[in-house]
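J.: okay, structure incoming, though there's no sequence with it:
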């Protein structure tokens, strides 16, 4: 069998020889130029190698198989491609294939899958990554997205909502979306082509964010309006939030978790949490923090968290990979809004509550505390 690089000199479907070298490398003792000359002829191969290796997209193979499914149309219509593959001068296999083939959907701000349009999403997967279009192809976010796309049950109706920050990206929208599509791995790209993925530009001014990097703080999540305004009627109540450092290993059936308000990894009850500097072993860990802060936020007027971290109940709250009910998140927010940041945005104008935050614990710790405090249906630590 040929090496991956040798095979890529014959034909490309998903990745060009340039990317093949990045992923697979060369066989021991081989060098790129010698392989090209051996495959394409000594004299002709040398001439092609010297010309193509200096060009933007590197070596162009002898043939292609449906590259429009996996490659950015701007690459296929580039001057280099037209020069090395004259049949592309009339562009018969790029835009015509994707625009005229109803089976192939493009990434937009809406779901184009007819089944989703008629039946809605069985699960909405949420990815907030401000600079996603500019992530390298080997960034872990693409692995995370592909792991979800390949492992969630009901693939035909699993929806993906990608949110990019308006302050991070100022290029033309179409090129940014094409960039995401071209870098996506196989299963996530298939979801795009089914029409199951939409991308939106979240307005960080609207949510009063101090910076445009929402990758870690996710403060919009603590606004009730976020869980309404950023979602479509087709989106499900159950949302799977995924960060770049999270992934799925086996099949996830969302129906098994639909009755919970929140499901995520339990924290260690007494150790410190790296993302939450207020919590340490010295002050009793996360369980003690949840009880103390809930008492402070409610000024000891509400039901206290006496049962948390007892009788199988645990500190269930890690937000990086979490299933959430939007309805329950909004109940938590309306019950216990942030005293400063969120009342100032007018969301609670004229309303009074018996619970107000006097600190910024992070959205996952906030929901873990408040959902337990209001009696939301939470899994045991073992179930989570």
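T.: Now that the structure is in, tell me what you want to look at. This is a predicted model, so every value here is computed, not measured. Numbering: from 1, shown residues only.
J.: from now on I want contacts and neighbour counts done on CA atoms only, so please keep to that.
T.: OK.
J.: pLDDT weak spots in the protein?
T.: Residue ranges of the chain with pLDDT under 70: 66, 68-70, 87-104, 166-174, 208-218, 270-284, 300-304, 306-307, 339-353, 358-359.
J.: residue furthest from the geometric center of it?
T.: Residue farthest from the centre of the chain, counting by C-alpha atoms, centre = their mean, is residue 43 at 47.3 Å.
J.: got the buried residues for the helix or strand hosting residue 80?
T.: Using DSSP states H and E, residue 80 sits in helix 79-84. By neighbour count on 16 or more other C-alpha atoms under 10 Å, the buried set for helix 79-84 is 80-82, 84.
J.: and it, what does it pack onto?
T.: On a contact count with 3 or more C-alpha pairs under 8 Å, 6 or more residues apart in numbering; DSSP states H and E, helix 79-84 meets no helix or strand.
J.: grab the nearest non-local neighbour of residue 299.
T.: Sequence neighbours aside, residue 355 is the residue nearest to residue 299 in space, at 7.4 Å (criterion: C-alpha to C-alpha, 6 or more residues apart in numbering).
J.: spit out the contact partners of that neighbour.
T.: 297-299, 335-337 (C-alpha atoms under 8 Å, 6 or more residues apart in numbering).
J.: drop anything exposed from the residues you listed.
T.: Among the contacts of residue 355, the ones that count as buried (16+ other C-alpha under 10 Å) are 297-298, 335-337.
J.: one step back: which of the contacts of residue 355 sits closest to residue 203?
T.: Using C-alpha to C-alpha, residue 337 comes nearest to residue 203 of the contacts of residue 355, at 20.7 Å.
J.: and residue 20, what element?
T.: helix 17-24.
J.: which of the buried ones among the contacts of residue 355 fall within helices?
T.: Among these, the residues falling in helices (DSSP state H) are 297, 335.
J.: other residues contacting stretch 365-382?
T.: Outside stretch 365-382, the residues touching it (C-alpha under 8 Å, 6+ apart) are 259-263, 266, 290-291, 294, 303-305, 308, 312-318, 328-329, 332, 335-336.
J.: could you rerun that using 6 Å?
T.: Outside stretch 365-382, the residues within contact range by C-alpha atoms under 6 Å, 6 or more residues apart in numbering are 260-261, 266, 290, 312-314, 317, 332.
J.: one more: stretch 9-22?
T.: 8, 58, 61-65, 67, 70.
J.: which of those residues has the largest number of neighbours?
T.: The residue in those with the most neighbours, by other C-alpha atoms under 10 Å, is residue 8 (25 neighbours).
J.: is that one in a helix, a strand, or coil?
T.: Here residue 8 is recorded as helix under DSSP: H, G, I helix; E, B strand; the rest coil.
J.: from the buried ones among the contacts of residue 355, which single one is nearest residue 138?
T.: residue 337 (39.1 Å).
J.: my guess is the closest one contacts residue 356. True?
T.: Yes: counting by C-alpha atoms under 6 Å, residue 337 touches residue 356, with 5.3 Å between them.
J.: any idea how far residue 299 is from residue 367?
T.: Noted for residue 299: a distance of 18 Å to residue 367, by C-alpha to C-alpha, to the nearest Å.
J.: so what's the residue count around residue 144?
T.: There are 20 residues near residue 144, going by other C-alpha under 10 Å.
J.: quick check, it in a helix?
T.: Yes: inclusion of residue 144 in a helix is indicated when three-state DSSP is applied.
J.: export the contacts of stretch 9-22 to TSV and append columns for secondary structure and distance to residue 163.
T.: Putting the contacts of stretch 9-22 into TSV (DSSP: H, G, I helix; E, B strand; the rest coil; distance: C-alpha to C-alpha, whole Å) gives the following:
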residue	secondary structure	distance to residue 163
8	helix	34
58	coil	32
61	coil	35
62	coil	38
63	strand	36
64	strand	33
65	coil	32
67	helix	27
70	coil	22
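J.: nearest residue to residue 151 other than its sequence neighbours?
T.: Excluding the flanking residues, the one nearest residue 151 by C-alpha to C-alpha, 6+ apart is residue 251, at 4.5 Å.
J.: mind checking how far the one you found is from residue 382?
T.: According to C-alpha to C-alpha, residue 251 stands 19 Å off from residue 382.
J.: could you measure from the closest residue to residue 53 other than its chain neighbours over to residue 332?
T.: Excluding its sequence neighbours, the residue lying closest to residue 53 (C-alpha to C-alpha, 6+ apart) is residue 59, at 5.9 Å. Residue 59 sits 56 Å away from residue 332, going by C-alpha to C-alpha.
J.: over to residue 115?
T.: Distance from residue 115 to residue 332, by C-alpha to C-alpha: 32 Å.
J.: which of the contacts of stretch 365-382 fall in helices?
T.: Taking DSSP H as the definition of helices, the contacts of stretch 365-382 contribute 290, 332.
J.: longest strand in the protein, please.
T.: strand 158-165 (DSSP state E).
J.: can you pull the buried residues of the helix or strand hosting residue 116?
T.: Secondary structure from DSSP H and E places residue 116 in helix 114-119. Residues of helix 114-119 classed as buried: 116-117 (neighbour count, 16+ other C-alpha under 10 Å).
J.: list the contacts of that helix.
T.: For helix 114-119, with C-alpha under 6 Å, 6+ apart as the criterion, the contacting residues are residue 157.
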